[in-house]
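J.: Test case, fold it:
(2 chains)
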Amino acid sequence: KNQVEQSPQSLIILEGKNCTLQCNYTVSPFSNLRWYKQDTGRGPVSLTIMTFSENTKSNGRYTATLDADTKQSSLHITASQLSDSASYICVVRKAAGNKLTFGGGTRVLVKP
Amino acid sequence: DTAVSQTPKYLVTQMGNDKSIKCEQNLGHDTMYWYKQDSKKFLKIMFSYNNKELIINETVPNRFSPKSPDKAHLNLHINSLELGDSAVYFCASSQVGLAGGTDTQYFGPGTRLTVL
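T.: Numbering: from 1, shown residues only, chains lettered A, B, ... in the order given. Model (predicted):
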């Protein structure tokens, strides 16, 4: 069964600190993996997309990594800000049929 | 200008009623989607639609039906609402066909549906 598992479910960090979110998947065959940020009461917004050949990609203070061999991805937030408080959702696209599988998200709360 | 807009933002209604949620995108995209986000925050796709093809998630009850008056609009109509339909519904759009399936979906702000 194609699945996307995210950990932790939630975390609290102090402003200015770094954190790393994990995404493990079993989706196969793999096409790409995307990280979304969803602010409370808003729709998800794409942060990064990674294809099979990419190991790391940055978008400002967000850095995503991908290990297609172990089927793992991480999202690292550097020098967190209060505005980083949100849910972060990992989404994997299957190559055959173009189907998307969503993870359950990690809720991040940044405290001053 | 809002790229993907939905109305209403909040919808409270009684069981058994019929309701519609409207969605409009001004991005010129060829494909639109409806998602349901439950209380556990999982996003599940309900429909994807372009002017050629409607793809329905087989788990969606036939009380739910998408209606597209034109390429920029995909409305969601729900018949005989049930308590379990309470959730946040998101509309999204993308330009399908990019190499490697890398098209980005742009989401609307969501409609919180509460069925009493």
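J.: all strands for chain A, in order.
T.: Taking DSSP state E as the criterion, chain A carries its strands at A:4-7, A:10-14, A:19-25, A:30-38, A:45-51, A:56-59, A:62-67, A:72-77, A:86-94, A:100-102, A:106-111.
J.: buried residues in the second one?
T.: This means strand A:10-14. Neighbour-count burial for strand A:10-14 flags A:Ile13 (criterion: 16 or more other C-beta atoms under 10 Å in any protein chain shown). No exception for glycine: its C-beta is placed from N, CA and C like everyone else's.
J.: quick one, what contacts residue 68?
T.: In the absence of a named chain, chain A is used. A:Phe30, A:Phe52 (C-beta atoms under 8 Å, 6 or more residues apart in numbering or on different chains).
J.: switch to chain B, that's the one I care about
T.: So B:Ser68 contacts B:Met32, B:Tyr49, B:Asn51, B:Leu74, B:Asn75 (C-beta under 8 Å, 6+ apart).
J.: That one should be in a helix, yeah?
T.: No: assigned with DSSP: H, G, I helix; E, B strand; the rest coil, B:Ser68 falls outside any helix and is strand.
J.: mean pLDDT for the strands of chain A: which is lowest?
T.: Note on these: strand A:100-102 shows the lowest mean pLDDT, a mean of 89.
J.: Tell me the strands beside that one, with direction?
T.: Partner strands and pairing direction for strand A:100-102 (DSSP bridges) are strand A:86-94 (antiparallel).
J.: nearest spatial neighbour of whichever residue of chain A sits closest to chain B, skipping sequence neighbours?
T.: As assessed by C-beta to the nearest C-beta, chain B sits closest to A:Gly43 within chain A, at 3.0 Å. Once flanking residues are discounted, A:Gly43 sits nearest to B:Phe107: 3.0 Å by C-beta to C-beta, 6 or more residues apart in numbering or on different chains.
J.: Verify the stated contact: that neighbour with A:Val45.
T.: Yes: counting by C-beta atoms under 8 Å, A:Val45 is a contact partner of B:Phe107 at 7.2 Å.
J.: In a markdown table, list the contacts of B:Ser68 along with secondary structure and neighbour count.
T.: Below are the contacts of B:Ser68 laid out as a markdown table (DSSP: H, G, I helix; E, B strand; the rest coil; neighbours: other C-beta atoms under 10 Å in any protein chain shown):
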| residue | secondary structure | neighbour count |
| --- | --- | --- |
| B:Met32 | strand | 26 |
| B:Tyr49 | strand | 20 |
| B:Asn51 | coil | 10 |
| B:Leu74 | strand | 27 |
| B:Asn75 | strand | 19 |
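J.: Bridged to the most centrally placed residue in chain B, which residues?
T.: In chain B, the centroid-proximal residue (C-alpha atoms, centre = their mean) is B:Trp34; its distance is 2.4 Å. For B:Trp34, the beta-bridge partners are B:Phe47, B:Cys91 (DSSP bridges).
J.: what sits against it?
T.: With C-beta under 8 Å, 6+ apart, B:Trp34 has these contacts: B:Cys23, B:Ile45, B:Met46, B:Phe47, B:Pro66, B:Leu74, B:Leu76, B:Tyr89, B:Phe90, B:Cys91, B:Ala92.
J.: A:Ser83 too?
T.: With C-beta under 8 Å, 6+ apart, A:Ser83 has these contacts: A:Val110.
J.: Check A:Cys90 too.
T.: Neighbours of A:Cys90 in contact, by C-beta under 8 Å, 6+ apart: A:4, A:6, A:21, A:23, A:25, A:33-36, A:73, A:75, A:102-103, A:105.
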